[in-house]
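1. Prediction below, plus the sequence it came from.
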Amino acid sequence: MNKTGKRIHFIAIGGSVMHNLAIELHKNGNQVTGSDDHIYDPSKSRLAQYGLLPECFGWYPESITTEIEAVILGMHARPDNPELQKARELGIEIFSFPEYLYQCHQDKKRVVIGGSHGKTTITSMVMHVLQYHKRDFDYMVGAALEGFESSVKITNEAPLAILEGDEYLSSPIDPRSKFLHYRPHIGVITGIAWDHINIFKTFDDYVKVFDDFVASFQAGGILIYHEGDALVQKIGKQPQAGVTHTGYHIHPYRVVNGQTLLLTDAGEEIPVPIMGEHNMKNLLAAKMVCSQLSIGDQEFYEAIGSFKGAARRLEKVVATDQNAVFKDFAHAPSKVLATTQAVKQQFEDRRLVACLELHTFSSLNKTFLTQYQGVLNSADVAIVYFNPAAIALKKLDPITVDEVKEAFAKDGLHVFDEASQMVDFLYEQNWEATNLLMMSSGNFDNLDLPQLANEMIGKVKQ
């Protein structure tokens, strides 16, 4: 359970989940301190708002004393971090954030959403439906969500915890995947598509963590898995003692004049603001989770109609009656493919300009580039941008424009390695009856997307 009045120190407090966890523990009455060598917004502003922003950036081992009862270690720190070394010398208990979350939620019913894609959206859908029906629950999700002040909530009272389950490493000194700490009563696997090649050197290594995830379920647990993914189906159909397995596909739907309508068993058509076949899979998984939490079909449909999506998951930046600009966190090949197809399917009568930034370690790795073959084929105009400085920062071998073109295998693909050239190209496009989709886990080198979008739409109105 969540104990108050503890003195807790965060090493690498500026992370997206780390800073939210720090704020939540502070609000719960704990004495929280933290350190980091760099902190950027929005983490910086939010930590400052609660008086938790470090006075000076850097690592200060002298600040680690025996008065500290627990250290929470973020992935941004290195294994030889001087504060970490001091904490070890003093015998202070050290946690990764998933370890600490489990400590807080070990007496609750835990729902964990895992998979290579869709986990943030499904987690957000479940949270939205539960909040709509005034159910009490704790949570952790990897994106901002309308109606929720923070991405982390920890209480003593809530009987339920909804957790996004990430397969990435827990901390610099804990190589276990984060979701292996949570030991779910209800768990979801959405799909398996190789990612994080800096950690999982082979595809088999990557698949194995999902086997381990199912093995971590509580006795009497329930696995909800996507039957349309061959690898997930193989895991889902493998007997696991004490665990019930149930599969899902795609929620029936149709699109009419750019509006997605859910088709229910009762013969109703429920309009929803989200789009794309991948989100219809996500929605059905969320519905099945909610059913296990005693949310009936009608209650689910009543709530989901007002779900607008998580931040940067097909988030609408601006729209008119003949064009729209979307931004999406898509970076892995499977996510780019699904997101591009979704926007094109939703607006079949409009051209689609799709722009992807290669930003992650995997996407900038020359050996991984071939995984992107064909992912932008749904776009009428396809663009890829990468910054050579980001490749150097990650200490990877350089890639060239021609190598990117060859890997994506998309006729007419436009590839840029200077942001200004990419922006100039976008301004040159005809935006009549045209949508723009910007996909990245970064920000296209600080591109002001709302300004770009409004100026492009302004050109159409002139």
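-> Sure, I can see it. Residues are numbered from 1 along each chain as shown.
2. Look up how far Asn257 lies from Glu269.
-> Noted for Glu269: a distance of 13 Å to Asn257, by Cβ to Cβ, to the nearest Å. Placement of C-beta: from N, CA and C, glycine included.
3. of the two, who's got more company?
-> Glu269 (14 against 6; other Cβ atoms under 10 Å).
4. Can you tell me the closest non-neighbouring residue to Ile383?
-> Of all residues not flanking Ile383 in the chain, Cys355 sits nearest, at 4.1 Å (Cβ to Cβ, 6 or more residues apart in numbering).
5. Now do the SS call for that neighbour.
-> Using DSSP: H, G, I helix; E, B strand; the rest coil, the structure places Cys355 in strand.
6. what sits against it?
-> Ile383, Val384, Tyr385, Met422, Leu426, Leu436, Leu437, Met438, Met439, Phe444 (Cβ atoms under 8 Å, 6 or more residues apart in numbering).
7. One more: Gly58?
-> With Cβ under 8 Å, 6+ apart, Gly58 has these contacts: Ser35, Asp37.
8. what's the answer for Gln292, then?
-> Val111, Ile186, Ile222, Ile224.
9. go again using 10 Å as the cut-off
-> Residues in contact with Gln292 (Cβ atoms under 10 Å, 6 or more residues apart in numbering) are Lys109, Val111, His185, Ile186, Ile222, Ile224, Thr244, Thr246.
10. quick one: low-confidence ranges for the stretch 1-150 of the chain?
-> Scanning the stretch 1-150 of the chain for pLDDT under 70 picks out 1-3.
11. Between the contacts of Cys355, which sits nearest Ala87?
-> Phe444 (38.1 Å; Cβ to Cβ).
12. separation between the closest one and Phe137?
-> Using Cβ to Cβ, Phe444 is found at 35 Å from Phe137.
13. cool, Trp431 as well?
-> Trp431 is 43 Å from Phe137, by Cβ to Cβ.
14. Between the two, tell me which one has more neighbours.
-> Using other Cβ under 10 Å as the criterion, Trp431 and Phe137 rank with Trp431 on top: 23 against 19.
15. In this structure the more buried one contacts Gly458, no?
-> Yes. With contact defined as Cβ atoms under 10 Å, Trp431 and Gly458 form a contacting pair (9.5 Å).
16. tell me which residues of stretch 349-364 are tucked away?
-> The neighbour-count check on stretch 349-364 (16 or more other Cβ atoms under 10 Å) flags 350-364 as buried.
17. Also stretch 177-186?
-> Result for stretch 177-186 [16+ other Cβ under 10 Å]: buried residues Ser177, Lys178, Phe179, Leu180, His181, Tyr182, Arg183, Pro184, His185, Ile186.
18. List the contacts of the second one.
-> Shown here is Lys178, whose contacts under the criterion Cβ under 10 Å, 6+ apart are 17, 75, 96-99, 101, 112, 114, 140, 163-171, 209.
19. Setting the sequence-adjacent residues aside, check what's closest to Glu299.
-> Nearest to Glu299 is His133, by Cβ to Cβ, 6+ apart, at 6.0 Å.
20. From Leu145, how far off is that neighbour?
-> His133 is 16 Å from Leu145, by Cβ to Cβ.
21. If you count surrounding residues, which of those two has more?
-> Leu145 (24 against 16).
22. start to end distance for stretch 376-383?
-> Counting by Cα to Cα, to the nearest Å, you get 9 Å between the two ends of stretch 376-383.
23. Same question for stretch 288-307.
-> First residue to last in stretch 288-307 (Cα to Cα) measures 16 Å.
24. Please identify the buried residues of it?
-> Met288, Val289, Cys290, Leu293, Ile295, Phe300, Tyr301, Ala303, Ile304, Phe307.
25. for Ser363, helix, strand, or coil?
-> Under three-state DSSP, Ser363 comes out as coil.
26. Use 46 as the first number for this chain going forward.
-> In the new count, where the first residue is 46, that last one comes out as Ser408.
27. thinking it is in contact with Ser485, fair?
-> Yes. The pair Ser408 / Ser485 is scored as a contact, 9.5 Å apart, by Cβ under 10 Å.
28. where do the contact lists of the two overlap?
-> His376, Leu401, Glu402.
29. Would you mind giving those residues as CSV with distance to Ala115 and pLDDT added?
-> CSV is the format used below for the shared contacts of Ser408 and Ser485 (distance: Cβ to Cβ, whole Å; pLDDT from 0 to 100):
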residue, distance to Ala115, pLDDT
His376, 33, 82
Leu401, 40, 96
Glu402, 37, 95
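30. could you dump those residues to TSV with distance to Gly281?
-> Below are these laid out as TSV (distance: Cβ to Cβ, whole Å):
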residue	distance to Gly281
His376	26
Leu401	31
Glu402	33
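31. Pick the one among these closest to Glu448.
-> For the shared contacts of Ser408 and Ser485, the nearest to Glu448 is Leu401 (15.1 Å; Cβ to Cβ).
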